[in-house]
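Peer 1: One predicted model, sequence on top.
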Amino acid sequence: MEALYVESSALAAILLEGNREFDAAFERRCARIMSSLTLLESRRVLRRANLDGRVGPEGCARSLRRIEALRGRSQILPIDEDVLREAEQRFPVEPVRSLDAIHLATALIWSAAVGPVTVASLDRRIRDNAVALGLTVVP
């Protein structure tokens, strides 16, 4: 079974913009995976959106509850020594920012361990690298 790795930009699109394509891809997969970094970055995006007025307090609280629900239905991968070691390597499309390298490394490690991974991301550099590394991307 192919897993869906949800990178922070995809989860933010679901939470802030109601991106139906990502939301549908996320919901139809039996195996959903995220880095603990995805959870952190998504919470920070929501807090910033609340502070700058893009999301009201109720919307922020609702999205934070949704993150917790998604967390409960997903495999959350920690940022461990293996991920950090993989993130230090050169990627096909450089430069790659450190946090993006953590996302790519996590998807690669998961793919090597359990099989094909589709990466959900809006970030061009992550998408370009994922494709160059042999991973499928959505949209």
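Peer 2: Thanks, I have the structure now.
Peer 1: C-alpha from now on. contacts and neighbour counts both.
Peer 2: Noted.
Peer 1: Now do the contacts for the residue nearest the centre of the chain.
Peer 2: Among the residues of the chain, residue 7 comes closest to the average C-alpha position under CA atoms, centre = their mean, at 1.4 Å. Contacts for residue 7 were tallied using CA atoms under 8 Å, 6 or more residues apart in numbering; they are 34-35, 38, 103, 119-121.
Peer 1: Residue 91 now?
Peer 2: Applying CA under 8 Å, 6+ apart, we find residue 91 in contact with residue 129.
Peer 1: Give me the distance between it and residue 54.
Peer 2: Note on residue 91: its distance to residue 54, by CA to CA, to the nearest Å, is 34 Å.
Peer 1: again, but for residue 83
Peer 2: Spatial separation of residue 83 from residue 54 under the definition CA to CA is 33 Å.
Peer 1: Next: residue 100.
Peer 2: 25 Å.
Peer 1: Compare those two and say which one has the larger neighbour count.
Peer 2: The neighbour count for residue 100 versus residue 54, taken as other CA atoms under 10 Å, is higher for residue 100 (18 against 14).
Peer 1: so the more buried one sits in a strand?
Peer 2: No. In this structure, residue 100 is helix, not part of a strand, as judged by DSSP: H, G, I helix; E, B strand; the rest coil.
Peer 1: Beyond the helix or strand bottoming out on mean pLDDT in the chain, next helix or strand please.
Peer 2: Ranked by mean pLDDT, DSSP states H and E, the weakest helix or strand in the chain is helix 20-28, scoring a mean of 63. Tracing the chain past helix 20-28, the next element assigned as helix or strand by DSSP states H and E is strand 31-35.
Peer 1: and the next element down the chain from that following strand?
Peer 2: helix 36-51.
Peer 1: Contacts for that next one, please.
Peer 2: Outside helix 36-51, the residues touching it (CA under 8 Å, 6+ apart) are 6-9, 11-12, 16, 55-57, 60, 63-64, 67, 71, 76-79, 99, 103.
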